[in-house]
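*Asks:* fold the following.
(one chain, ligands or ions: 1)
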Amino acid sequence: MNKQQLHQLLQRSHARKEEWIAFRRDLQQYPELSHQESRTADKVASALRRLGLKPQTQVGGHGVVAELKGSRPGPVIALRADMDALPVAEETGLPFASRRHGIMHACGHDAHTAILLGAAQLLAEVRESFPGSVRFIFQGAEETNAGAKAMIRDGVLEGVNEIYGLHNLPTLPVGRIATGSGAFMGSVDRIEITFEGKGGHGAIPDRCQDPIVAASAVVMGLQTAVSREISPFEPAVITIGSFQAGEANNVIPQYARLIGTVRTFSPALQQTMKARIERLAGQIGSAYRCNVQLSYIEQVSVLVNDPRSVYYVEQTADMLLGREQRTTAEPTLAGEDFSVYLEHVPGCFFWLGSGSAAGCEQAYGLHHPRFTIEEDCIPLGFALLASVAALRAAEISF
Ligand code: NI
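*Replies:* Below you'll find the predicted structure:
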(Lines give C-alpha, C1' and ligand atoms only; values in the text may rest on other atoms or scores of the structure.)
Protein backbone atom coordinates (compact mmCIF):
# COMPACT_ATOMS: atom_id res chain seq x y z
CA MET A 1 0.00 0.00 0.00
CA ASN A 2 1.50 3.31 -1.01
CA LYS A 3 0.75 6.79 0.26
CA GLN A 4 -1.93 7.36 -2.35
CA GLN A 5 -3.71 4.12 -1.47
CA LEU A 6 -3.54 5.10 2.20
CA HIS A 7 -5.23 8.38 1.42
CA GLN A 8 -7.95 6.59 -0.50
CA LEU A 9 -8.44 4.41 2.56
CA LEU A 10 -8.73 7.49 4.77
CA GLN A 11 -11.32 8.93 2.39
CA ARG A 12 -13.27 5.69 2.44
CA SER A 13 -13.18 5.73 6.24
CA HIS A 14 -14.86 9.14 6.22
CA ALA A 15 -17.47 7.92 3.77
CA ARG A 16 -18.27 4.95 6.04
CA LYS A 17 -18.17 6.79 9.35
CA GLU A 18 -21.90 7.48 9.86
CA GLU A 19 -22.71 3.79 10.05
CA TRP A 20 -20.15 3.13 12.79
CA ILE A 21 -20.93 6.30 14.72
CA ALA A 22 -24.57 5.16 14.81
CA PHE A 23 -23.44 1.70 15.89
CA ARG A 24 -21.39 3.23 18.70
CA ARG A 25 -24.33 5.35 19.89
CA ASP A 26 -26.49 2.27 20.12
CA LEU A 27 -23.88 0.57 22.32
CA GLN A 28 -23.66 3.70 24.46
CA GLN A 29 -27.42 3.41 25.10
CA TYR A 30 -27.25 -0.27 26.00
CA PRO A 31 -23.96 -0.75 27.85
CA GLU A 32 -23.17 -4.11 29.40
CA LEU A 33 -20.90 -4.88 32.34
CA SER A 34 -17.92 -7.21 32.10
CA HIS A 35 -18.91 -10.87 31.61
CA GLN A 36 -22.43 -9.82 30.52
CA GLU A 37 -21.73 -8.49 26.99
CA SER A 38 -24.23 -10.78 25.22
CA ARG A 39 -26.24 -8.10 23.37
CA THR A 40 -23.08 -6.29 22.29
CA ALA A 41 -21.55 -9.57 21.09
CA ASP A 42 -24.70 -10.37 19.09
CA LYS A 43 -24.59 -6.97 17.41
CA VAL A 44 -20.90 -7.37 16.61
CA ALA A 45 -21.41 -10.85 15.15
CA SER A 46 -24.32 -9.64 12.98
CA ALA A 47 -22.28 -6.70 11.72
CA LEU A 48 -19.40 -9.03 10.82
CA ARG A 49 -21.79 -11.35 8.97
CA ARG A 50 -23.08 -8.39 6.98
CA LEU A 51 -19.45 -7.79 5.93
CA GLY A 52 -19.27 -11.35 4.62
CA LEU A 53 -17.24 -12.76 7.52
CA LYS A 54 -17.98 -15.86 9.55
CA PRO A 55 -17.59 -14.84 13.18
CA GLN A 56 -16.99 -17.31 15.96
CA THR A 57 -18.96 -16.37 19.08
CA GLN A 58 -18.74 -17.27 22.79
CA VAL A 59 -14.95 -17.13 22.66
CA GLY A 60 -13.48 -16.59 26.13
CA GLY A 61 -16.93 -15.70 27.46
CA HIS A 62 -18.83 -13.30 25.21
CA GLY A 63 -15.89 -12.69 22.87
CA VAL A 64 -16.28 -12.66 19.08
CA VAL A 65 -13.51 -13.50 16.62
CA ALA A 66 -13.50 -13.31 12.83
CA GLU A 67 -10.83 -13.82 10.26
CA LEU A 68 -10.57 -12.00 6.96
CA LYS A 69 -8.47 -13.80 4.39
CA GLY A 70 -6.45 -11.76 1.93
CA SER A 71 -5.41 -12.59 -1.62
CA ARG A 72 -3.11 -15.51 -0.77
CA PRO A 73 -1.62 -17.30 2.26
CA GLY A 74 0.63 -15.21 4.48
CA PRO A 75 0.98 -13.85 8.00
CA VAL A 76 -1.84 -13.34 10.49
CA ILE A 77 -2.19 -9.84 11.91
CA ALA A 78 -4.55 -9.51 14.88
CA LEU A 79 -6.50 -6.39 15.81
CA ARG A 80 -8.29 -6.23 19.14
CA ALA A 81 -11.10 -4.20 20.71
CA ASP A 82 -12.78 -4.45 24.11
CA MET A 83 -16.57 -4.29 24.54
CA ASP A 84 -17.46 -3.96 28.22
CA ALA A 85 -18.84 -1.01 30.18
CA LEU A 86 -18.49 0.15 33.80
CA PRO A 87 -20.74 0.40 36.87
CA VAL A 88 -20.95 4.20 36.59
CA ALA A 89 -24.18 6.24 36.41
CA GLU A 90 -23.94 8.33 33.24
CA GLU A 91 -24.33 12.12 33.57
CA THR A 92 -23.52 13.28 30.03
CA GLY A 93 -27.12 14.35 29.26
CA LEU A 94 -26.63 13.20 25.64
CA PRO A 95 -29.72 12.08 23.69
CA PHE A 96 -28.03 8.69 23.27
CA ALA A 97 -26.90 8.40 26.90
CA SER A 98 -27.13 5.07 28.69
CA ARG A 99 -30.64 3.71 29.20
CA ARG A 100 -29.36 1.28 31.77
CA HIS A 101 -29.14 3.03 35.09
CA GLY A 102 -25.82 2.63 36.82
CA ILE A 103 -24.04 1.23 33.76
CA MET A 104 -22.06 3.39 31.37
CA HIS A 105 -19.50 3.16 28.58
CA ALA A 106 -17.30 5.44 30.66
CA CYS A 107 -14.08 4.09 29.13
CA GLY A 108 -15.22 4.37 25.52
CA HIS A 109 -15.08 0.67 24.74
CA ASP A 110 -18.22 1.25 22.65
CA ALA A 111 -16.04 3.37 20.36
CA HIS A 112 -13.30 0.72 20.29
CA THR A 113 -15.86 -1.87 19.19
CA ALA A 114 -17.19 0.40 16.42
CA ILE A 115 -13.62 1.22 15.33
CA LEU A 116 -12.69 -2.43 14.93
CA LEU A 117 -15.84 -3.09 12.91
CA GLY A 118 -15.00 -0.13 10.69
CA ALA A 119 -11.51 -1.57 10.16
CA ALA A 120 -13.06 -4.92 9.22
CA GLN A 121 -15.26 -3.17 6.66
CA LEU A 122 -12.38 -1.22 5.08
CA LEU A 123 -10.21 -4.31 4.87
CA ALA A 124 -13.01 -6.51 3.53
CA GLU A 125 -13.40 -4.04 0.67
CA VAL A 126 -9.74 -4.43 -0.30
CA ARG A 127 -9.10 -8.04 0.65
CA GLU A 128 -7.48 -8.73 -2.72
CA SER A 129 -4.79 -6.15 -2.03
CA PHE A 130 -3.01 -7.86 0.87
CA PRO A 131 -1.71 -11.36 1.58
CA GLY A 132 -2.28 -13.39 4.73
CA SER A 133 -5.19 -12.60 6.96
CA VAL A 134 -6.42 -10.17 9.56
CA ARG A 135 -8.01 -11.55 12.73
CA PHE A 136 -10.52 -9.32 14.50
CA ILE A 137 -10.69 -9.97 18.23
CA PHE A 138 -13.60 -8.48 20.18
CA GLN A 139 -13.13 -9.29 23.84
CA GLY A 140 -15.27 -8.71 26.88
CA ALA A 141 -14.27 -8.34 30.51
CA GLU A 142 -11.36 -5.95 30.05
CA GLU A 143 -12.36 -3.95 33.11
CA THR A 144 -12.10 -7.05 35.32
CA ASN A 145 -8.76 -8.01 33.75
CA ALA A 146 -10.15 -11.41 32.81
CA GLY A 147 -11.07 -11.08 29.13
CA ALA A 148 -7.71 -11.28 27.38
CA LYS A 149 -6.62 -14.34 29.37
CA ALA A 150 -9.87 -16.12 28.54
CA MET A 151 -9.58 -15.26 24.83
CA ILE A 152 -6.00 -16.56 24.71
CA ARG A 153 -7.06 -19.75 26.50
CA ASP A 154 -9.58 -20.24 23.72
CA GLY A 155 -6.86 -19.96 21.10
CA VAL A 156 -7.27 -16.50 19.56
CA LEU A 157 -3.50 -16.01 19.26
CA GLU A 158 -2.84 -19.27 17.42
CA GLY A 159 -0.81 -18.47 14.32
CA VAL A 160 -0.78 -14.73 15.02
CA ASN A 161 2.40 -12.88 13.98
CA GLU A 162 1.63 -9.44 15.43
CA ILE A 163 -1.20 -7.77 17.33
CA TYR A 164 -2.36 -4.15 17.42
CA GLY A 165 -4.89 -2.25 19.48
CA LEU A 166 -5.77 1.23 20.64
CA HIS A 167 -7.50 3.11 23.43
CA ASN A 168 -9.23 6.46 23.10
CA LEU A 169 -7.85 9.28 25.22
CA PRO A 170 -10.04 12.31 25.99
CA THR A 171 -7.08 14.43 27.08
CA LEU A 172 -5.52 14.11 23.61
CA PRO A 173 -7.23 16.11 20.83
CA VAL A 174 -9.02 14.16 18.13
CA GLY A 175 -6.83 13.72 15.07
CA ARG A 176 -3.75 12.93 17.11
CA ILE A 177 -2.20 9.74 18.43
CA ALA A 178 0.35 9.05 21.18
CA THR A 179 2.78 6.15 21.06
CA GLY A 180 5.54 4.74 23.23
CA SER A 181 8.08 1.92 23.08
CA GLY A 182 8.66 -0.57 25.85
CA ALA A 183 6.71 -0.15 29.10
CA PHE A 184 3.56 1.76 28.18
CA MET A 185 1.05 1.03 30.95
CA GLY A 186 1.41 -0.37 34.45
CA SER A 187 0.98 -3.78 35.98
CA VAL A 188 -2.11 -4.30 38.13
CA ASP A 189 -2.16 -6.64 41.11
CA ARG A 190 -4.76 -6.95 43.84
CA ILE A 191 -3.93 -7.48 47.50
CA GLU A 192 -6.21 -8.68 50.26
CA ILE A 193 -4.74 -8.71 53.76
CA THR A 194 -6.67 -10.32 56.60
CA PHE A 195 -5.78 -9.71 60.25
CA GLU A 196 -6.94 -11.99 63.02
CA GLY A 197 -6.59 -10.66 66.52
CA LYS A 198 -8.64 -11.30 69.63
CA GLY A 199 -11.89 -9.44 69.99
CA GLY A 200 -13.42 -8.15 73.16
CA HIS A 201 -14.65 -5.15 75.12
CA GLY A 202 -13.53 -1.77 73.85
CA ALA A 203 -12.89 -0.65 77.43
CA ILE A 204 -10.60 -3.61 78.19
CA PRO A 205 -7.95 -3.50 75.40
CA ASP A 206 -5.41 -5.34 77.53
CA ARG A 207 -7.51 -8.50 77.22
CA CYS A 208 -7.66 -8.16 73.43
CA GLN A 209 -5.32 -8.17 70.43
CA ASP A 210 -6.66 -5.33 68.34
CA PRO A 211 -6.63 -6.07 64.58
CA ILE A 212 -7.70 -2.50 63.73
CA VAL A 213 -4.56 -1.04 65.26
CA ALA A 214 -2.44 -3.71 63.57
CA ALA A 215 -4.06 -3.06 60.17
CA SER A 216 -3.66 0.71 60.65
CA ALA A 217 0.06 0.24 61.27
CA VAL A 218 0.29 -1.89 58.14
CA VAL A 219 -1.45 0.81 56.05
CA MET A 220 1.21 3.25 57.21
CA GLY A 221 4.05 0.74 56.97
CA LEU A 222 3.21 -0.14 53.38
CA GLN A 223 3.87 3.47 52.40
CA THR A 224 7.55 2.83 53.13
CA ALA A 225 7.64 -0.08 50.68
CA VAL A 226 7.63 2.44 47.85
CA SER A 227 9.35 5.41 49.52
CA ARG A 228 12.19 3.48 51.25
CA GLU A 229 12.68 0.26 49.29
CA ILE A 230 12.24 1.18 45.64
CA SER A 231 14.41 3.49 43.59
CA PRO A 232 12.86 6.94 43.14
CA PHE A 233 13.45 6.40 39.42
CA GLU A 234 11.17 3.33 39.37
CA PRO A 235 7.45 4.13 39.42
CA ALA A 236 5.33 2.09 41.82
CA VAL A 237 2.08 2.57 43.73
CA ILE A 238 0.52 0.73 46.65
CA THR A 239 -2.98 2.00 47.41
CA ILE A 240 -5.21 0.55 50.11
CA GLY A 241 -8.68 1.36 48.81
CA SER A 242 -10.74 -0.51 51.36
CA PHE A 243 -10.37 -0.98 55.13
CA GLN A 244 -13.02 -3.21 56.64
CA ALA A 245 -13.30 -3.87 60.38
CA GLY A 246 -15.73 -3.70 63.26
CA GLU A 247 -19.35 -2.70 63.73
CA ALA A 248 -19.68 -1.07 67.13
CA ASN A 249 -17.91 1.82 68.85
CA ASN A 250 -17.17 -0.17 71.99
CA VAL A 251 -16.15 -3.53 70.57
CA ILE A 252 -12.69 -4.58 69.47
CA PRO A 253 -13.38 -6.92 66.53
CA GLN A 254 -11.77 -10.26 65.89
CA TYR A 255 -10.88 -9.45 62.28
CA ALA A 256 -9.81 -6.60 60.03
CA ARG A 257 -9.31 -6.64 56.26
CA LEU A 258 -7.42 -4.42 53.84
CA ILE A 259 -7.94 -4.50 50.08
CA GLY A 260 -5.61 -2.66 47.77
CA THR A 261 -4.01 -2.31 44.39
CA VAL A 262 -0.33 -2.54 43.48
CA ARG A 263 1.03 -0.93 40.31
CA THR A 264 4.49 -1.03 38.78
CA PHE A 265 6.07 -0.06 35.48
CA SER A 266 8.58 -2.88 35.20
CA PRO A 267 7.98 -6.64 35.06
CA ALA A 268 11.07 -7.25 37.25
CA LEU A 269 9.83 -4.88 39.95
CA GLN A 270 6.34 -6.39 39.80
CA GLN A 271 7.86 -9.76 40.72
CA THR A 272 9.36 -8.35 43.94
CA MET A 273 6.18 -6.76 45.30
CA LYS A 274 4.52 -9.83 46.80
CA ALA A 275 7.46 -10.76 49.06
CA ARG A 276 7.90 -7.14 50.12
CA ILE A 277 4.27 -6.70 51.13
CA GLU A 278 4.19 -10.11 52.81
CA ARG A 279 7.20 -9.20 54.94
CA LEU A 280 5.95 -5.75 55.95
CA ALA A 281 2.36 -6.81 56.63
CA GLY A 282 3.33 -10.07 58.33
CA GLN A 283 6.01 -8.67 60.60
CA ILE A 284 4.19 -5.46 61.50
CA GLY A 285 1.04 -7.50 62.17
CA SER A 286 2.86 -9.96 64.39
CA ALA A 287 4.46 -7.10 66.32
CA TYR A 288 0.87 -6.17 67.17
CA ARG A 289 0.06 -9.82 68.06
CA CYS A 290 -2.16 -10.49 65.07
CA ASN A 291 -2.10 -13.26 62.49
CA VAL A 292 -1.80 -11.87 59.00
CA GLN A 293 -2.78 -13.60 55.75
CA LEU A 294 -1.86 -11.99 52.43
CA SER A 295 -3.61 -12.96 49.26
CA TYR A 296 -1.65 -11.52 46.32
CA ILE A 297 -3.54 -11.76 43.02
CA GLU A 298 -1.59 -10.95 39.85
CA GLN A 299 -4.10 -9.46 37.44
CA VAL A 300 -2.36 -7.68 34.59
CA SER A 301 1.28 -7.57 33.59
CA VAL A 302 3.10 -4.41 32.54
CA LEU A 303 2.05 -3.49 29.00
CA VAL A 304 5.29 -3.68 27.02
CA ASN A 305 5.14 -2.48 23.42
CA ASP A 306 7.47 -4.08 20.89
CA PRO A 307 9.72 -1.27 19.56
CA ARG A 308 9.50 -2.46 15.95
CA SER A 309 5.71 -2.71 16.07
CA VAL A 310 5.60 0.80 17.53
CA TYR A 311 7.73 1.99 14.65
CA TYR A 312 5.29 0.44 12.13
CA VAL A 313 2.35 2.21 13.78
CA GLU A 314 4.24 5.50 13.83
CA GLN A 315 5.24 5.17 10.19
CA THR A 316 1.65 4.45 9.19
CA ALA A 317 0.27 7.27 11.30
CA ASP A 318 2.78 9.72 9.84
CA MET A 319 1.74 8.81 6.30
CA LEU A 320 -1.97 8.89 7.13
CA LEU A 321 -2.27 11.83 9.53
CA GLY A 322 1.05 13.65 9.30
CA ARG A 323 4.03 13.59 11.65
CA GLU A 324 2.80 16.68 13.52
CA GLN A 325 -0.25 14.72 14.72
CA ARG A 326 1.82 12.19 16.64
CA THR A 327 3.23 12.64 20.15
CA THR A 328 5.04 10.53 22.68
CA ALA A 329 2.71 9.07 25.28
CA GLU A 330 2.97 10.06 28.94
CA PRO A 331 3.60 6.97 31.06
CA THR A 332 0.64 5.81 33.14
CA LEU A 333 0.18 3.25 35.89
CA ALA A 334 -3.36 2.57 34.71
CA GLY A 335 -3.57 -1.02 33.53
CA GLU A 336 -4.94 -2.64 30.36
CA ASP A 337 -5.21 -6.33 29.72
CA PHE A 338 -3.91 -5.92 26.15
CA SER A 339 -0.62 -6.51 27.99
CA VAL A 340 -1.47 -10.19 28.22
CA TYR A 341 -1.55 -10.56 24.42
CA LEU A 342 1.82 -8.78 24.25
CA GLU A 343 3.33 -11.42 26.51
CA HIS A 344 2.70 -13.92 23.72
CA VAL A 345 3.19 -12.02 20.47
CA PRO A 346 4.86 -8.72 19.55
CA GLY A 347 2.63 -5.76 18.92
CA CYS A 348 1.72 -2.21 19.79
CA PHE A 349 -1.00 -0.54 21.82
CA PHE A 350 -1.43 3.20 21.35
CA TRP A 351 -3.58 6.15 22.37
CA LEU A 352 -6.08 7.61 19.92
CA GLY A 353 -7.02 11.22 20.65
CA SER A 354 -10.74 11.52 21.44
CA GLY A 355 -10.84 14.96 23.04
CA SER A 356 -12.03 18.28 21.71
CA ALA A 357 -9.85 19.65 18.95
CA ALA A 358 -10.29 23.13 20.45
CA GLY A 359 -8.62 22.10 23.70
CA CYS A 360 -9.14 19.20 26.04
CA GLU A 361 -7.47 20.31 29.26
CA GLN A 362 -10.91 20.43 30.87
CA ALA A 363 -12.04 17.12 29.38
CA TYR A 364 -13.60 14.59 31.71
CA GLY A 365 -11.26 11.64 31.98
CA LEU A 366 -11.79 7.95 31.40
CA HIS A 367 -14.27 6.39 33.91
CA HIS A 368 -15.87 9.78 34.74
CA PRO A 369 -19.73 9.98 34.68
CA ARG A 370 -19.46 12.86 32.17
CA PHE A 371 -16.87 11.21 29.95
CA THR A 372 -17.60 11.74 26.24
CA ILE A 373 -15.69 11.24 23.00
CA GLU A 374 -15.30 13.29 19.85
CA GLU A 375 -16.78 10.84 17.38
CA ASP A 376 -14.44 11.87 14.58
CA CYS A 377 -11.88 9.68 16.29
CA ILE A 378 -13.85 6.66 15.05
CA PRO A 379 -13.06 6.88 11.30
CA LEU A 380 -9.47 7.88 12.08
CA GLY A 381 -9.15 4.90 14.41
CA PHE A 382 -10.43 2.41 11.90
CA ALA A 383 -8.41 3.88 9.03
CA LEU A 384 -5.28 3.55 11.17
CA LEU A 385 -5.91 -0.02 12.32
CA ALA A 386 -6.85 -1.14 8.81
CA SER A 387 -3.73 0.47 7.33
CA VAL A 388 -1.40 -1.00 9.94
CA ALA A 389 -2.84 -4.49 9.39
CA ALA A 390 -2.71 -4.32 5.57
CA LEU A 391 0.81 -2.86 5.54
CA ARG A 392 2.20 -5.35 8.03
CA ALA A 393 0.61 -8.31 6.24
CA ALA A 394 2.27 -7.18 3.00
CA GLU A 395 5.66 -6.48 4.61
CA ILE A 396 5.94 -9.68 6.61
CA SER A 397 5.13 -11.85 3.60
CA PHE A 398 7.94 -10.24 1.62
NI1 NI B 1 -10.61 1.11 28.81
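
*Asks:* number of residues surrounding the nearest residue to Glu361 once chain neighbours are set aside?
*Replies:* Counting by C-beta to C-beta, 6 or more residues apart in numbering, Thr171 is the residue found nearest to Glu361 once chain neighbours are left out, at 7.6 Å. Quick note: C-beta positions are derived from backbone N, CA and C, even for glycine. Neighbouring residues of Thr171 were enumerated by other C-beta atoms under 10 Å; the total is 17.

*Asks:* ok, and the closest non-adjacent residue to Val213?
*Replies:* Ranked by C-beta to C-beta, 6+ apart and with sequence neighbours excluded, the top spatial neighbour of Val213 is Tyr288, at 6.0 Å.

*Asks:* show me what contacts that neighbour?
*Replies:* Applying C-beta atoms under 8 Å, 6 or more residues apart in numbering, we find Tyr288 in contact with Gly197, Gln209, Asp210, Val213, Ala214, Ala217.

*Asks:* from Met220, how far out is it?
*Replies:* When C-beta to C-beta, to the nearest Å is the yardstick, Tyr288 and Met220 sit 12 Å from each other.

*Asks:* with Pro170 instead?
*Replies:* When Pro170 is compared with Met220 (using C-beta to C-beta), they lie 35 Å apart.

*Asks:* who's more crowded, these two?
*Replies:* Under the neighbour definition other C-beta under 10 Å, Pro170 and Met220 were set side by side, and Pro170 has more, 22 against 10.

*Asks:* doesn't the more buried one lie inside a helix?
*Replies:* No - with the criterion set as DSSP: H, G, I helix; E, B strand; the rest coil, the secondary structure at Pro170 is strand rather than a helix.

*Asks:* you'd agree it is up against Gly355?
*Replies:* Yes - Pro170 lies in contact with Gly355 (C-beta atoms under 8 Å); the separation is 4.5 Å.

*Asks:* hmm, back to that, closest one of the contacts of Tyr288 to Asp154?
*Replies:* Looking at the contacts of Tyr288 and their distance to Asp154, the nearest is Ala214, at 43.4 Å (C-beta to C-beta).

*Asks:* residues contacting the closest one?
*Replies:* Contacts were defined as C-beta under 8 Å, 6+ apart; by that measure Ala214 touches Phe195, Gly197, Ala256, Ile284, Gly285, Tyr288, Arg289, Cys290, Val292.

*Asks:* now it: which helix or strand?
*Replies:* Ala214 is part of helix 211-229 when elements are defined by DSSP states H and E.

*Asks:* can you list the buried residues in that helix?
*Replies:* Residues of helix 211-229 classed as buried by neighbour count (16 or more other C-beta atoms under 10 Å): 211-219, 221-222, 225-226.

*Asks:* same for the helix or strand hosting Ala81, what does it pack against?
*Replies:* The secondary structure element spanning Ala81 is strand 76-82 (assigned by DSSP H and E). Using 3 or more C-beta pairs under 8 Å, 6 or more residues apart in numbering; DSSP states H and E, the elements in contact with strand 76-82 are helix 109-125, strand 133-139, strand 162-173, helix 338-342, helix 377-397.

*Asks:* how near is Ala15 to Leu122?
*Replies:* As it turns out, when the distance is counted by C-beta to C-beta, Ala15 lies 10 Å from Leu122.

*Asks:* same question for Thr372.
*Replies:* Taken as C-beta to C-beta, the spacing of Thr372 relative to Leu122 amounts to 25 Å.

*Asks:* of the two, who's got more company?
*Replies:* Between Thr372 and Leu122, Leu122 has the larger neighbour count (other C-beta under 10 Å), namely 23 against 20.

*Asks:* burial measure for the nearest residue to that one once chain neighbours are set aside, as a count.
*Replies:* With C-beta to C-beta, 6+ apart as the measure, Ala386 is the residue that lies nearest to Leu122, at 4.1 Å, once sequence neighbours are left out. Counted with other C-beta under 10 Å, the neighbours of Ala386 add up to 32.

*Asks:* just the buried positions in the lowest-mean-pLDDT helix or strand in the chain, please.
*Replies:* Ranking every helix and strand in the chain by mean pLDDT, DSSP states H and E puts helix 3-15 at the bottom, with a mean of 87. Of the residues in helix 3-15, those buried by neighbour count under the rule 16+ other C-beta under 10 Å are Leu6, Leu9, Leu10, Arg12, Ser13.

*Asks:* could you check the angle it makes with helix 377-397?
*Replies:* Counting by axes from the mean of the first three to the mean of the last three C-alpha atoms, to 10 degrees, helix 3-15 points 150 degrees away from the direction of helix 377-397.

*Asks:* quick check: next helix or strand after helix 3-15?
*Replies:* Read in the C-terminal direction, the helix or strand following helix 3-15 is helix 17-29, with elements assigned using DSSP H and E.

*Asks:* what are the buried residues along that following helix?
*Replies:* Buried-residue list, helix 17-29, by 16+ other C-beta under 10 Å: Lys17, Trp20, Ile21, Phe23, Arg24, Arg25, Leu27, Gln28, Gln29.

*Asks:* right, and the helix or strand after it?
*Replies:* helix 38-50.

*Asks:* distance check, Arg207 against Val218.
*Replies:* Distance, Arg207 to Val218, by C-beta to C-beta: 23 Å.

*Asks:* how about Leu366?
*Replies:* Leu366 sits at a distance of 31 Å from Val218 (criterion: C-beta to C-beta).

*Asks:* do Ala358 as well
*Replies:* Here Ala358 is placed at a distance of 47 Å from Val218 (C-beta to C-beta).

*Asks:* what does Leu321 give?
*Replies:* Taken as C-beta to C-beta, the spacing of Leu321 relative to Val218 amounts to 49 Å.

*Asks:* kindly report the same for Gly353.
*Replies:* 41 Å.

*Asks:* model confidence over the helix holding Ala214, on average?
*Replies:* When pLDDT is averaged over helix 211-229, the result is 97.

*Asks:* likewise for stretch 325-334?
*Replies:* Within the predicted structure, the mean pLDDT of stretch 325-334 is 95.

*Asks:* for that stretch, which positions count as buried?
*Replies:* Neighbour counts using 16+ other C-beta under 10 Å place Arg326, Ala329, Thr332, Leu333 of stretch 325-334 among the buried residues.
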